[in-house]
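> Sequence plus predicted model, see below.
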Amino acid sequence: MTAPLRIGFIPLVDAAALIVAVDKGFAAAEGLEVELVREVSWSNVRDKLNIGLFDAAHLLAPVAIASSLGLGHVKVPIAAPFNLGINGNAITVSPALHAALMEEVEGDRFDPLVTAKALAKVVAKRRKAGADPLTFGMTFPFSTHNYQLRFWMAAAGVDPDEDVRLVVLPPPYMVDSLKSGHVDAFCVGAPWNSVAVDLGIGHILHFVSDILVRAAEKVLAVRQVWADNNPDVVARLVRAAVKGAEFIESPANLAETAQILAQPERIGVDAEVIQRTLTGRLKISPDGTFRESGRYLLVGREGAGRPEPVQAAWLYAQMVRWGQTALTPDGAKTAMAVFRPDLYDAALGRSPPTEAPAPFGAFAGPTFDPDNIAGHLAAFEVGRWKA
């Protein structure tokens, strides 16, 4: 056994590979003794990882990049040798906002461009009436949730910094904030969207997989210096997480996985809600309407576990687009270096794939080219970026 590892996580279904790796004994089989520490906020997880109170963490992919760039906090280079989840977020709106949007919808209500245009009309009506701006909750300034909300709104000309309010809330607090009227909508990972629907206080407007085809959401993160000093431990941790993901993705293990994640010290919600998440079949409205997507959340399947630098480049581009950092060749290089497919491949004894990663697609805008971030950003009218 190695020295005990402390690993932080937030109660979200995309921590599943890590939780199952520990609770099913895959980590122990790799000679690892792991203590999983449940946290509430991403700033807590980041800070404890950065100062060494955690050896590793379930972490927002953009936070790993921001930490490596020294954005928003101290500069601590991070390595991400495993993707814990691709996609998995959703946008949930209050009944009142849902009704207002549906009144303005012209076309397929599951088309993000259609709902973004409806949002633009709602925003304009509220401004004309002198009403307060709509408030949207997201989990962190450096988060996929922030960028996904912005990407969606801006496609129809809604300026997320001028036309609405975006506020930071820890994932477990989203539902109460919607219930109390503090926010009109939020973007968060599972299971909290489903919890809001089950309580009758929210409608899931979009799965994030409607907006982005394949978005890197959470990573297994370690400090770069720790990875350099503990390469064997990193490899064991990656293998344990891969085994956890493989267990989760087997339909025969669905019920057991949901029970493991439902425990109070893990995610702490009903197992049936977690099963919905893992199958991608979610109740989207209090009236019982269901919707299904095979891309709702990928935990390991379709190569989701391998961290692709193009994913990091897209996230860096969003940081630039929304004024969180300037576009520089060194910045892009640093961001892409956070995602470590080399460590993933080495841990599994695999050669790098011969084919290039699939193009990064979204519902609006050009296909993303990591070698031409400036050209990509120039295609968008709304943003804080200036060439």
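Received, thanks.

> residues contacting residue 249?
Applying C-beta atoms under 8 Å, 6 or more residues apart in numbering to residue 249 gives the contacts 299-301. Any C-beta I mention is one placed from the backbone N, CA and C, and that applies to glycine too.

> Where neighbours are concerned, which of the residues you listed has the most?
residue 299 (29 neighbours; other C-beta atoms under 10 Å).

> I'd guessed it sits against residue 16; true?
Yes - using C-beta atoms under 8 Å, residue 299 makes contact with residue 16 at a distance of 5.7 Å.

> shared neighbours, those two?
Joint contacts of residue 299 and residue 16 (C-beta under 8 Å, 6+ apart) are 84-85, 245, 248, 278.

> Out of those residues, which comes closest to residue 215?
The shortest approach to residue 215 among those belongs to residue 85, at 9.4 Å (C-beta to C-beta).

> Number of residues surrounding that closest one?
Residue 85: 29 neighbours (other C-beta under 10 Å).

> Look up phi and psi at it.
Dihedral pair for residue 85: phi -160, psi 140, per degrees, to the nearest 10.

> residues contacting it?
By C-beta under 8 Å, 6+ apart, the contact list for residue 85 reads 13-14, 16-17, 189, 217-218, 297-299, 304.

> likewise residue 360?
212-214, 310-311, 314, 367-368.

> Quick one: low-confidence residue ranges for the stretch 101-250 of the chain.
Along the stretch 101-250 of the chain, no part satisfies pLDDT under 70.

> Cross the contacts of residue 85 against strands and list the overlap.
189, 217-218, 297-298 (DSSP state E).

> Neighbour-wise, which one of these leads?
Neighbour-wise, the ones in strands among the contacts of residue 85 (other C-beta under 10 Å) top out at residue 218, 31 neighbours.

> Show me the beta-bridge partners of that one.
residue 60, residue 85 (DSSP bridges).

> hang on, isn't it packed against residue 63?
No - with contact defined as C-beta under 8 Å, residue 218 and residue 63 do not form a contacting pair (9.5 Å).

> so what's residue 379 scoring on pLDDT?
We have a pLDDT of 93 for residue 379.

> For the residue minimising distance to the centre of the chain, which non-adjacent residue is spatially closest?
Geometric centre of the chain, nearest residue: residue 217, 3.1 Å, by C-alpha atoms, centre = their mean. Among residues not flanking residue 217 along the chain, residue 85 sits closest, at 4.4 Å (C-beta to C-beta, 6 or more residues apart in numbering).

> Quickly note the distance from that neighbour to residue 92.
Counting by C-beta to C-beta, to the nearest Å, the gap between residue 85 and residue 92 amounts to 18 Å.

> now residue 51
34 Å.

> the more surrounded of the two?
Comparing residue 51 with residue 92 by other C-beta under 10 Å, the one with more neighbours is residue 92, at 29 against 11.

> residues contacting the residue nearest to the centre of the chain?
14, 60-61, 83-89, 144, 189.

> Residue 344 versus the closest residue to residue 37 other than its chain neighbours, what's the distance?
Distances taken as C-beta to C-beta, 6+ apart place residue 8 nearest to residue 37, at 4.9 Å, with adjacent residues excluded. Using C-beta to C-beta, residue 8 is found at 21 Å from residue 344.

> now residue 272
For residue 272, the distance to residue 344 - C-beta to C-beta - is 33 Å.

> Compare these two and say which is more crowded by neighbours.
Per other C-beta under 10 Å, whichever of residue 272 and residue 344 has more neighbours is residue 344, with 26 against 12.

> Just confirm that one is within a helix.
Yes - going by DSSP: H, G, I helix; E, B strand; the rest coil, the assignment for residue 344 places it inside a helix.

> could you dump the contacts of residue 217 to CSV with distance to residue 4?
As requested, the contacts of residue 217 are exported to CSV (distance: C-beta to C-beta, whole Å):
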residue, distance to residue 4
14, 24
60, 25
61, 26
83, 25
84, 21
85, 25
86, 30
87, 32
88, 29
89, 32
144, 31
189, 28
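
> which one among these gets closest to residue 2?
Nearest to residue 2 out of the contacts of residue 217 is residue 84 (C-beta to C-beta; 20.8 Å).

> so who does the nearest residue to residue 41 once chain neighbours are set aside touch?
Leaving aside its sequence neighbours, residue 41 sits nearest to residue 170 (C-beta to C-beta, 6+ apart; 4.4 Å). Residue 170 sits next to 10, 40-42, 139 when contact means C-beta under 8 Å, 6+ apart.

> let's see it at 7 Å
40-41, 139 (C-beta atoms under 7 Å, 6 or more residues apart in numbering).

> out of those residues, which are buried?
Using 16 or more other C-beta atoms under 10 Å as the burial test, the contacts of residue 170 include 41, 139 as buried.

> Now intersect the contacts of residue 170 with the strands, please.
Going by DSSP E, the strands hold none of the contacts of residue 170.

> Of the contacts of residue 170, which belong to helices?
Nothing among those maps onto helices, per DSSP state H.

> In TSV: the contacts of residue 170, plus distance to residue 117.
As requested, the contacts of residue 170 are exported to TSV (distance: C-beta to C-beta, whole Å):
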residue	distance to residue 117
40	36
41	34
139	26
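
> of all the contacts of residue 170, which comes closest to residue 156?
Checking these one by one against residue 156 (C-beta to C-beta), the nearest turns out to be residue 139, at 23.0 Å.

> right, and that closest one touches residue 42 too?
Yes - counting by C-beta atoms under 7 Å, residue 139 does reach residue 42; the two are 6.1 Å apart.

> Which secondary structure state is assigned to residue 222?
strand.

> can you pull the contacts of it?
55-56, 79, 234.

> Which of those residues ranks first by neighbour count?
Most surrounded of the contacts of residue 222: other C-beta under 10 Å gives residue 56, at 27 neighbours.

> Please report how far it lies from residue 29.
17 Å.
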